[in-house]
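Enquirer: here is a sequence with its predicted model. Questions after.
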Amino acid sequence: MKIEDIAKLVKEFTISNKGDHNVTIKAEELKMGEERASKCLVARVISHKVVNKETFRTHVPRILQLTKKVEVDFVGKNTFIMEFASLMDRRRVLLEGPWSCFQDLIVIKEPRGMDEPRSLCFDEVAFWVQCHNVPIAFSQIGIMKKIGAQIGEVEEVDHGESSSLMGRFVRMRVRINIRKPLKQFLCVGVEDGEEVIIILSYERLSEFCYRCGVLGHSFRTYGEPAEENTVMRYGVWMRAQTVGSKGRSRSPPVKTPNSQSVGSEGTSRQLQLVGVKVKDIQSSLLHVVFLIRRWRGWL
């Protein structure tokens, strides 16, 4: 029997015996534990593979780009509690996600003093989503929030370099349910006008399935083997180059064995990792518009 099942049985037993406590902890005695919880975060790696706890403990300071020490303890399958020596590190980890461990998404949660780490919900993560093919008339915070609500809970809209929302694309930080397929595009109706198709791409996008669009596994580990000539509804074109506020690239110039040093206008680090050229991504984006007609029957 699993620990969770035992805990459920005990909870049902205690409800029927309410008031019969073995011990009572005073509020002042909880202060030290609550203060310690304020230094902690709980992380779960979303993967069908089991993550080695020593590997995670060794690599997490580099993955999260920490400046000070962090203590990592294993609390369950692919789930870890991290106690930070620096509150600045902890705050930055919360704000600058999403993070990934060897291409697998790490969901970070902020625990409260009375939370049991394994009982936290790890179903939502905030992504910076780039909206391409946005008409000038849509360059308003209210309209973009309305559009973004079709993806998830909109936390922030990046105003862009000129604070006008106009540029190559519009960025929004959106909290997404990772148990559902990613959205590739949005079809926006306009009163007395034509339908607008907005193409979506995601910054810091970790491993996901090109067949079902769900994070945490690849199309190679999808439940059913792909038939010959299977059309992939999702693809590498959904990975966007990470940029900072006001549209500036966060990726420093990088150099790979098969390329020259490149910066924000060149091939991004993410695309080089998967061996895809910028022109291939542009072709894919154009091809999406053609495929939408074919996909309508699947939506």
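Expert: Perfect, thanks for sending it. Every value quoted in this text rests on a predicted model; they were computed, and no experiment measured them. Numbers count the residues shown, from 1 in each chain.

Enquirer: can you give me the helices in the stretch 101-250 of the chain?
Expert: Assigned by DSSP state H, counting those that start in this stretch, the helices in the stretch 101-250 of the chain fall at 141-148.

Enquirer: show me where pLDDT drops low in the stretch 1-150 of the chain?
Expert: Along the stretch 1-150 of the chain, the parts satisfying pLDDT under 70 run over 1-4, 6-7, 9-21, 113.

Enquirer: whichever helix or strand E29 is part of: what's the following helix or strand?
Expert: According to DSSP states H and E, E29 maps onto helix 27-37. Counting by DSSP H and E, the next helix or strand C-terminal to helix 27-37 is strand 40-46.

Enquirer: what sits up against that next one?
Expert: The contact list for strand 40-46 (C-beta atoms under 8 Å, 6 or more residues apart in numbering) reads 51, 56, 60, 75, 78-84, 90, 93-94, 101, 104-111, 117, 120, 122, 178, 206, 215-216. The C-beta positions use only the backbone N, C-alpha and C, and glycine is treated the same way.

Enquirer: for stretch 108-124, same thing?
Expert: 3-4, 30, 33-34, 37, 40-44, 46, 75-76, 79, 81, 93-94, 97, 99, 107, 152, 175-179.

Enquirer: show me the domain layout of this structure.
Expert: Per automatic domain parsing, the structural domains of the chain span 30-119, 124-246+265-298.

Enquirer: TSV for those, including distance to V23 and mean neighbour count?
Expert: Output for the domains of the chain, formatted as TSV (distance: least, C-beta to C-beta, whole Å; neighbours: other C-beta atoms under 10 Å):
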stretch	distance to V23	mean neighbour count
domain 30-119	13	16
domain 124-246+265-298	35	16
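
Enquirer: dump those domains to a markdown table, plus distance to N22.
Expert: Formatted as a markdown table, the domains of the chain follow (distance: least, C-beta to C-beta, whole Å):
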| stretch | distance to N22 |
| --- | --- |
| domain 30-119 | 17 |
| domain 124-246+265-298 | 36 |
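
Enquirer: hmm, back to that, and the contacts of strand 40-46, which of them are in strands?
Expert: 75, 79-84, 101, 104-109 (DSSP state E).

Enquirer: Y202 contacts C131, correct?
Expert: No - counting by C-beta atoms under 8 Å, Y202 stays clear of C131, with 10.8 Å between them.

Enquirer: now the strands for the protein?
Expert: Under DSSP E, the chain gives strands at 40-46, 70-76, 79-84, 99-101, 104-109, 124-132, 153-157, 170-177, 185-188, 196-203, 239-240.

Enquirer: make JSON lines out of those and add distance to K145.
Expert: As requested, these are exported to JSON lines (distance: least, C-beta to C-beta, whole Å):
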{"stretch": "strand 40-46", "distance to K145": "27"}
{"stretch": "strand 70-76", "distance to K145": "35"}
{"stretch": "strand 79-84", "distance to K145": "33"}
{"stretch": "strand 99-101", "distance to K145": "25"}
{"stretch": "strand 104-109", "distance to K145": "24"}
{"stretch": "strand 124-132", "distance to K145": "12"}
{"stretch": "strand 153-157", "distance to K145": "5"}
{"stretch": "strand 170-177", "distance to K145": "8"}
{"stretch": "strand 185-188", "distance to K145": "13"}
{"stretch": "strand 196-203", "distance to K145": "14"}
{"stretch": "strand 239-240", "distance to K145": "19"}
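
Enquirer: of all the ones you listed, which one is nearest Y210?
Expert: strand 239-240 (11.2 Å; C-beta to C-beta).

Enquirer: sheet partners, orientation included, of the closest one?
Expert: strand 196-203 (parallel) (DSSP bridges).

Enquirer: now what about the partner strand, what contacts it?
Expert: Contact partners of strand 196-203, identified using C-beta under 8 Å, 6+ apart, comprise 127-135, 138, 147, 151, 171, 182-190, 237-243, 285, 288-289, 292.

Enquirer: what angle sits between that strand and strand 124-132?
Expert: 130 degrees (axes from the mean of the first three to the mean of the last three C-alpha atoms, to 10 degrees).

Enquirer: angle of strand 196-203 against helix 141-148?
Expert: 80 degrees.

Enquirer: pLDDT of strand 196-203, averaged?
Expert: Over the span of strand 196-203, the pLDDT mean works out to 94.

Enquirer: now the angle from that strand to strand 170-177?
Expert: 70 degrees.

Enquirer: so the helix holding E29 versus strand 79-84, what angle?
Expert: Between helix 27-37 and strand 79-84, the angle comes out at 90 degrees (the same axes, to 10 degrees).
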